[in-house]
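Peer 1: I'd like to go over a predicted model; first the sequence, then the structure.
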Amino acid sequence: MRFIATNKQTIQSISTDSSSSSSSSSSSSSSSSNSSYAKIMIATPQMDITAAEKKNIDLFIQSKDEEENLLQKVEVRGKKPRKLFLLIGNNRVFFFKVGGKLEVDYHFLDIAEVRSDNPKEISMKFRNDKGVEPLVFGVDSPNHSSEIILAMDYLFTYNFPGMKTNRLKIVVVPETRVQEIYSSPNAISPEIGTCGGLTLTYLAMCDFMNVQPINEVTWHIENVLSGTVVKDFDYGFFYKKDRLLSGDARPLMAALAINTWFTSFTIRSVKLSNECITSIVSLLSQSSTFEKVVLNGVGLDKSGCEKLFDALCGNKSLPLKHLDIGNNAIEDKGMVAVAEFIKLPTTHLTTLVLGGCGVGRSAMSSIGEALGSNEAIISGLLFLDIGGNKLEPEGSSSISNFLVKSKGLKTFLIGTTQPQFHQLKKCSTLTTFDNSGNRVIKKDSLHLDMVRFLNHSPHLSNLNLSKCQLPVEVIQEIFGEGNLNKLEVLNVSDNDLGDEGITLLCDILLNNSTLKSLNISNNLIRRSKTRNNTIESIINFIEKKSKPHNAIKTFIIQGGSKSQLKGDLLPIICSLYYNATLKELDISGHSIGDIGAAALGKLLQTNSCLERLEWDDNQTTSRGLSLFKVGLSRNSTLVDMPLPLKDITAAIKSSNDSANTQTLNEMVSEIQQSLFENLSKQQQSTAAGTSGSGSSNNLSLGSLLSVATPRGITKSRSSSIPSVIIDHKTTIQTCAGLKSYNLIMADDSDTPIEPLANLAVK
């Protein structure tokens with residue numbers, strides 16, 4: 001026998017949403033469980049059992065996909081004395097009549113207490129017994145009672161290792177017997193399985209609740225999470241369409257409630273049923289390990305929100321630090337419930353996400369008051385997202401009282417909240433501020449209130465002013481000399497600044513010595529006569545900010561249905577050929593065509609710094625992909641590039657020839673392989689403690705402009721970057737038709753690829 005009970009703790013009542021499943025027919029939901037259990041079979045003691053009885057018992061146990069861990073003959077005492085066979089399975093205790101027919105079975109969670117007041121007698125007390133006396137039975141010898149006690153304790157610990165309260169209570173009298181039983185060689189500790197034994201706990205809960213286990217859950221735990229240190233339980237990996245959304249989620253939530261492995265619980269953008277949300281509420285009312293809870297976009301309504309925060313208020317042992325209930329229509333009543341939770345002195349959040357809940361100013365006022373009343377929040381909250389709700393005057397005033405008190409708030413997101421900046425007081429600790437979607441109004445100098453708020457944040461390094469309808473006239477006042485002198489990341493996308501605004505912005509930002517990332521997407525909707533000057537200003541901005549101490553690392557200029565640069569984008573690409581500081585580039589959505597792909601192919605052969613590139617939705621055909629592929633094959637630094645799926649899909653749809661489709665598929669595979677090789681080399685270089693910058697530069701200018709590249713060379717590099725100066729004043733003229741570039745030869749083909757000058761500039 002191989003049992004132990006090292007956790008002699010009292011249990012009170014099991015907290016689940018299911019009633020006890022004790023019945024004369026045990027649940028068949030324990031399918032697939034046998035492979036998860038350690039083999040702990042005991043040699044059946046010598047007893048009076050016929051072959052027919054043993055066969056009947058075996059057939060029944062097999063039909064329930066259970067295992068025989070211990071089989072003994074016992075004599076029930078009380079009003080109806082009778083002889084029964086006791087069998088302890090993986091999840092249940094079975095009692096069989098003489099003859100081998102089942103009389104009754106109890107799940108381990110049905111049993112509140114196993115007690116032995118003398119060596120030859122055991123009593124079992126059950127939960128929800130409705131006044132019924134415990135089941136008392138005698139055994140033939142003291143060894144048999146010891147075996148039952150050890151087996152019950154071992155298997156309960158094996159199935160529910162994380163259960164701290166509501167454990168099976170084992171009472172042995174006198175104390176000397178306890179020492180005798182637990183000093184037995186048969187008393188060993190069970191080995192806890194993957195993720196704190198979650199698989200076995202889940203299967204046991206399925207059996208208890210009479211719910212069929214979902215194989216995807218157990219497979220993911222045992223094959224994906226096994227051997228990792230992942231502590232985040234991401235529901236998205238487990239949920240399957242039409243499953244784990246309602247009642248079948250209950251066993252999993254009940255298992256997680258007593259699991260001590262995971263410290264984070266995440267569900268994003270999965271619409272859950274009310275029944276599933278109720279199970280999650282039950283989980284959070286019991287868990288003592290979750291520091292992070294994300295329920296973003298799960299269909300939580302005001303009623304569910306109230307229940308959720310009632311549970312959180314009642315669970316004093318939950319060490320919650322990060323809470324995200326964004327993008328749920330919880331309405332004002334739901335947000336008031338959130339405020340009540342925030343007020344509690346036991347609430348110690350560092351991150352709070354309430355964005356996208358669509359609540360009004362009154363409820364947001366309650367949130368502001370709650371934040372400002374909790375000293376732990378004032379000192380510890382680092383991240384606050386209230387975007388997508390309404391602040392207006394009432395909410396702005398309330399939130400302002402918290403801001404002025406806050407001692408550590410770093411990130412503040414108030415997109416599309418209609419804030420009143422004249423009421424918002426300064427928060428000197430802010431480093432990230434999102435004001436996207438809030439219109440900046442120049443009338444009556446209202447914009448100056450925002451400017452003052454920004455300038456009163458001396459550590460502000462990340463600013464989002466997208467979709468603010470920024471007037472061109474306020475650019476100087478916001479970004480002018482002396483303002484935002486620690487700004488590193490700026491997003492002014494979707495403001496329709498036009499050629500004039502972008503030119504002015506780039507010229508002003510030239511003097512900003514800290515800026516590392518700029519997003520000016522969807523601002524060039526109408527092409528004015530000064531477009532060439534705008535392109536020159538963009539190029540000038542990138543080039544002059546290419547010094548190591550003043551370098552721009554990320555540049556984003558996405559286009560859209562109304563803001564496609566088309567051929568105007570080409571000079572910007574060309575200007576980056578020898579840029580040695582830009583790491584990330586996003587030029588998606590400009591419909592530049594194959595000429596853009598060709599230019600990118602050349603860029604990759606000369607640029608030895610670019611690591612990330614996005615360029616989808618540019619009307620690139622298979623011809624353009626081929627040109628790009630050649631350049632990528634000669635590059636060693638690009639490691640992160642989402643495939644241009646829109647263009648690839650369009651190319652496949654336009655190809656009626658299966659051979660062309662096959663060629664396109666092969667090109668895509670080769671592109672992916674090149675990226676993988678670059679990433680592998682970069683990781684090897686990092687592991688070796690070398691940057692690789694001195695030996696991994698791309699083709700020199702001489703190689704690029706040669707009549708033909710020698711075939712068979714796929715990863716040619718020069719020893720250093722050639723000294724080339726690109727004059728932004730002439731970039732537009734020299735790049736517009738790419739007349740100075742001869743053809744590129746494919747590395748694996750005798751067929752020359754079309755000269756770039758022959759590709760149409762859109």
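Peer 2: Received it, and whenever you're ready, just let me know what you need. Numbering: from 1, shown residues only.

Peer 1: Break this structure down into its domains, please.
Peer 2: Annotated domains of the chain cover 51-183, 588-669 [the TED database].

Peer 1: can I get those in JSON lines with mean neighbour count?
Peer 2: In short, each C-beta sits where N, CA and C put it, glycine included. JSON lines is the format used below for the domains of the chain (neighbours: other CB atoms under 10 Å):
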{"stretch": "domain 51-183", "mean neighbour count": "18"}
{"stretch": "domain 588-669", "mean neighbour count": "20"}
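
Peer 1: Nearest to residue 499 among these would be which one?
Peer 2: domain 588-669 (15.5 Å; CB to CB).

Peer 1: Kindly check the end-to-end length of that closest one for me.
Peer 2: 21 Å (CA to CA, to the nearest Å).

Peer 1: Can you say which of the domains of the chain is nearest to residue 675?
Peer 2: Closest to residue 675 of the domains of the chain is domain 588-669 (CB to CB; 5.9 Å).

Peer 1: Which secondary structure elements does the longest helix anywhere in the chain sit against?
Peer 2: Determined from DSSP state H, the single longest helix within the chain is helix 658-687. When contacts are defined as 3 or more CB pairs under 8 Å, 6 or more residues apart in numbering; DSSP states H and E, helix 658-687 packs onto helix 622-633, helix 645-654.

Peer 1: distance between the first one and the chain's centre?
Peer 2: Taking CA atoms, centre = their mean, to the nearest Å, one finds helix 622-633 lying 34 Å from the centre of the chain it belongs to.

Peer 1: what is the mean pLDDT for that helix?
Peer 2: In this model, helix 622-633 has an average pLDDT of 96.

Peer 1: Got phi/psi on residue 350?
Peer 2: Backbone torsions of residue 350, given as degrees, to the nearest 10, read phi -110, psi -20.

Peer 1: Need the per-residue pLDDT for it.
Peer 2: For residue 350, pLDDT reads 98.

Peer 1: In contact with it, which residues?
Peer 2: Going by CB atoms under 8 Å, 6 or more residues apart in numbering, residue 350 touches 321, 322, 380, 381, 382, 383.

Peer 1: show me what contacts the fourth one?
Peer 2: With CB under 8 Å, 6+ apart as the criterion, the residues that contact residue 381 are 349, 350, 351, 352, 371, 406, 408, 409.

Peer 1: One more: residue 474?
Peer 2: 440, 442, 447, 451.

Peer 1: Check residue 236 too.
Peer 2: 266, 267, 268, 269, 270.

Peer 1: just to revisit the earlier point, orientation of the longest helix of the chain relative to helix 645-654 in degrees?
Peer 2: With axes from the mean of the first three to the mean of the last three CA atoms, to 10 degrees defining the directions, helix 658-687 sits at 160 degrees from helix 645-654.

Peer 1: just how off-centre is helix 658-687 within its chain?
Peer 2: 26 Å.

Peer 1: Distance check, residue 121 against residue 145.
Peer 2: Going from residue 121 to residue 145 by CB to CB, to the nearest Å gives 7 Å.

Peer 1: Looks to me like residue 86 is in a helix.
Peer 2: No: read with DSSP: H, G, I helix; E, B strand; the rest coil, residue 86 is strand and lies in no helix.

Peer 1: which residues does it bridge with?
Peer 2: Beta bridges link residue 86 to residue 72, residue 95 when assigned by DSSP bridges.

Peer 1: That one touches residue 93, doesn't it?
Peer 2: Yes: using CB atoms under 8 Å, residue 86 is in contact with residue 93, at 6.8 Å.

Peer 1: What residues does the nearest residue to residue 423 once chain neighbours are set aside make contact with?
Peer 2: Using CB to CB, 6 or more residues apart in numbering and skipping residues adjacent in sequence, the residue nearest residue 423 is residue 396, 4.3 Å away. Shown in contact with residue 396 (CB under 8 Å, 6+ apart): 419, 420, 421, 423, 424.

Peer 1: And residue 534, by the same measure?
Peer 2: Applying CB under 8 Å, 6+ apart, the residues contacting residue 534 are 499, 502, 503, 524, 528.

Peer 1: again, only using 10 Å
Peer 2: Applying CB atoms under 10 Å, 6 or more residues apart in numbering to residue 534 gives the contacts 497-506, 523-524, 527-528, 565, 568.

Peer 1: Identify the contacts common to residue 121 and residue 145.
Peer 2: 74, 137, 138, 139.

Peer 1: so where does the residue nearest to the first one when sequence neighbours are not counted fall, helix or strand?
Peer 2: Yep, that's residue 74 we're talking about. Leaving aside its sequence neighbours, residue 74 sits nearest to residue 137 (CB to CB, 6+ apart; 4.1 Å). Element membership of residue 137 [criterion: DSSP states H and E] is strand 135-138.

Peer 1: got any ranges where the stretch 151-300 of the chain has weak pLDDT?
Peer 2: Within the stretch 151-300 of the chain, the segments meeting pLDDT under 70 span 239-246.

Peer 1: where do the helices sit along it?
Peer 2: Assigned by DSSP state H, counting those that start in this stretch, the stretch 151-300 of the chain shows helices spanning 175-182, 194-209, 215-220, 250-257, 274-286.

Peer 1: Looking at the ones you listed, which is nearest to residue 62?
Peer 2: In terms of CB to CB, the element of the helices of the stretch 151-300 of the chain nearest to residue 62 is helix 194-209, at 15.5 Å.

Peer 1: Show me what that closest one packs onto, helices and strands only.
Peer 2: Under the contact criterion of 3 or more CB pairs under 10 Å, 6 or more residues apart in numbering; DSSP states H and E, helix 194-209 touches strand 92-97, strand 102-107, helix 142-159, helix 215-220, helix 250-257.

Peer 1: These into CSV, with extra columns for distance to residue 511?
Peer 2: Conversion of the helices and strands packed on helix 194-209 to CSV gives the following (distance: least, CB to CB, whole Å):
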stretch, distance to residue 511
strand 92-97, 76
strand 102-107, 73
helix 142-159, 67
helix 215-220, 53
helix 250-257, 54
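
Peer 1: wait, which of the ones you listed is closest to residue 626?
Peer 2: helix 215-220 (39.7 Å).

Peer 1: gap between the closest one and the chain center?
Peer 2: Helix 215-220 sits 19 Å away from the centroid of its parent chain (CA atoms, centre = their mean).

Peer 1: list the helices and strands that helix packs on?
Peer 2: helix 194-209, helix 250-257.

Peer 1: any chance of those helices in CSV, plus mean neighbour count?
Peer 2: Shown next, in CSV, are these (neighbours: other CB under 10 Å):
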stretch, mean neighbour count
helix 194-209, 26
helix 250-257, 26
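
Peer 1: Buried ones among the contacts of residue 236?
Peer 2: The neighbour-count test (16 or more other CB atoms under 10 Å) marks 266, 267, 270 as buried among these.

Peer 1: So which of these is the closest to residue 512?
Peer 2: Distances from residue 512 to these, taken by CB to CB, are shortest for residue 266, at 37.0 Å.

Peer 1: List the beta-bridge partners for that closest one.
Peer 2: residue 234, residue 294.

Peer 1: do you know how far it is from residue 304?
Peer 2: The spacing between residue 266 and residue 304, counted by CB to CB, is 17 Å.

Peer 1: Tell me the buried residues in stretch 273-287?
Peer 2: 276, 277, 278, 279, 280, 281, 282, 283, 284, 285, 286, 287.

Peer 1: For burial, what's the neighbour tally of residue 458?
Peer 2: As a burial measure, residue 458 scores 12 neighbours (other CB atoms under 10 Å).

Peer 1: leaving aside the residues next to it on the chain, what's closest to it?
Peer 2: Closest residue to residue 458 apart from its sequence neighbours, by CB to CB, 6+ apart: residue 428 at 6.4 Å.
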